[in-house]
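1. build the 3D model from these lines:
(one chain, ligands or ions: 1)
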Amino acid sequence: MNRQDAKGAEAEGRSEVMDLRITKTTTPRPRVADANLGFGQVFTDHMLLIDYTKGKGWHDARVVPYTPFTMDPAAMVLHYGQAVFDGLKAFWNAKKGPVLFRPDRHLARLNRSSARVCIPPLDEAFALQSLKELVRVEADWIPRTTGCALYVRPTIIATEVALGVHPANRYTYFVILSPVGAYYKEGFNPVKIIVEEQYVRAAKGGLGAAKTPANYAASLLAAEEAHAKGFTQVLWLDAAEHRYIEEVGTMNILFRIGDELVTPPLEGSILGGITRESALHLARQWKLRVAERPVTVDEVVEAHAAGRLKEVFGSGTAAVISPVGELHYKGQRMVINGGKVGEWTQRFFDTIVGIQYGTQDDPDGWTVPVGA
Ligand SMILES: *Cc1c(COP(=O)(O)O)cnc(C)c1O
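-> Residues are numbered from 1 along each chain as shown. Okay, the predicted model is just below:
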């Protein structure tokens, strides 16, 4: 998309803010008790839709009753995978009521993902305002129980009806909402992960830094094989040398080596997690030593052997912080911190969760009220 098109889309986006149409359902869905909520199984009463047509930009923003799409079998997304998504959460915050966690960062990332697969950008201010509006309409769906949340899934798909590989001239942006249960129902338990030696998730120059469905298709087989061996997830290595640590399935990975917090840098093959960004920000506030630098799997093995691998944890919206208790590589089993949650891991978890639910101060304004 050229600059003029982008500007046109933006201008249209802004003008549409005022006429976001809201159609309420007449048949509300049954609620599920917080204690029975899983992840991504239950959806709310409404969704947000915005269409894009080449030459016209984004148009027809509307909140409508949740309903299946009718799709032409030749819709381009079904053939060439031109799509992006994001994932964030709304919380019932003790101080502010219904809030979204860092929605600006998530929408900026959605646009970065879009750019990689030739999808036109959304106006971020417009996207934020319409997202708040949707969550405001569905505020009653935000679980009140700490640990539970309303998961928000913005998605863009190519809807042009045509075969032939080229960027589509029509798209649909939609946002659906799903109340989700506590991730740590059985406690904040460390997981077992295995370093993946055969398959790769993403190569530099590829799609790894974009939240686009192809990356998840690429990850399924490795994850299935890991599950069959009793592991929760795989830890991906770089595609070129199989030496550098990248990330876990849907989480970034952080290590406490000695007294330094170390995580791989964002150089094109890793998804830049907002939780990662939040943890690094907190670590710098706390004056911890922080390094975003390449980490080889050998360095991790050596640090473990020397007793310097003190903590390992994943970061991502769904779990927030996920302690790693065991790491397996080439048949070797490395137990981290005696299989118990480490001090830094716990502190990151408690602080981020405290900010989300409003039991801790939020000096950086990460929680954004959806409005009255
Ligand atoms: C979404 C995702 C993450 C985590 O990002 P958050 O913004 O923290 O939720 C990390 N890695 C991959 C591959 C992801 O899809």
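2. can you list the residues of the stretch 201-350 of the chain near the ligand?
-> Proximity of the stretch 201-350 of the chain to the ligand is assessed by CB under 6 Å from any ligand atom, with 211, 247, 250-252, 271, 273-276, 315-317 identified as the residues in range. C-beta here means a position set from N, CA and C on the backbone, and glycine is covered the same way.
3. cross the residues you listed against strands and list the overlap.
-> 247, 252, 315, 316 (DSSP state E).
4. my read: the first one touches residue 264, true?
-> In other words, residue 247. Yes - in terms of CB atoms under 8 Å, residue 247 counts as a neighbour of residue 264; the distance is 7.2 Å.
5. not counting sequence-adjacent ones, nearest residue to residue 81?
-> Counting by CB to CB, 6 or more residues apart in numbering, residue 81 lies nearest to residue 214, which is 5.2 Å off, once chain neighbours are set aside.
6. the ligand versus the one you found, what's the distance?
-> 12 Å (CB to the nearest ligand atom, to the nearest Å).
7. and residue 238, by the same measure?
-> Distance of residue 238 to the ligand, computed by CB to the nearest ligand atom: 14 Å.
8. so what's that residue up against?
-> For residue 238, the set of contacting residues under the criterion of CB atoms under 8 Å, 6 or more residues apart in numbering consists of 200, 203, 204, 244, 245, 246, 269.
9. so for it, what's the pLDDT?
-> Among the per-residue scores, residue 238 shows a pLDDT of 98.
10. just give the number of residues close to the residue of the stretch 51-200 of the chain at minimum distance from the ligand.
-> Residue nearest to the ligand within the stretch 51-200 of the chain: residue 87 (5.7 Å; CB to the nearest ligand atom). Counted with other CB atoms under 10 Å, the neighbours of residue 87 add up to 18.
11. the nearest residue to it once chain neighbours are set aside: how many residues sit nearby?
-> If you skip the residues right next to it in sequence, residue 87 has residue 317 as its closest partner in space, 5.1 Å away by CB to CB, 6+ apart. By the other CB under 10 Å criterion, the neighbourhood of residue 317 contains 20 residues.
12. these two touch, right, residue 317 and residue 90?
-> No - using CB under 8 Å as the test, residue 317 is too far from residue 90 to be in contact (11.3 Å).
13. give me the common contacts of these two.
-> residue 101.
14. grab the most central residue of this protein for me.
-> The centroid of the chain falls nearest to residue 87 when counting by CA atoms, centre = their mean (4.0 Å).
15. quick one: residues in contact with stretch 362-372.
-> Residues outside stretch 362-372 that contact it (CB under 8 Å, 6+ apart) are 90-91, 93, 95-104, 132-133, 135-136, 139, 278, 281, 355-356, 358.
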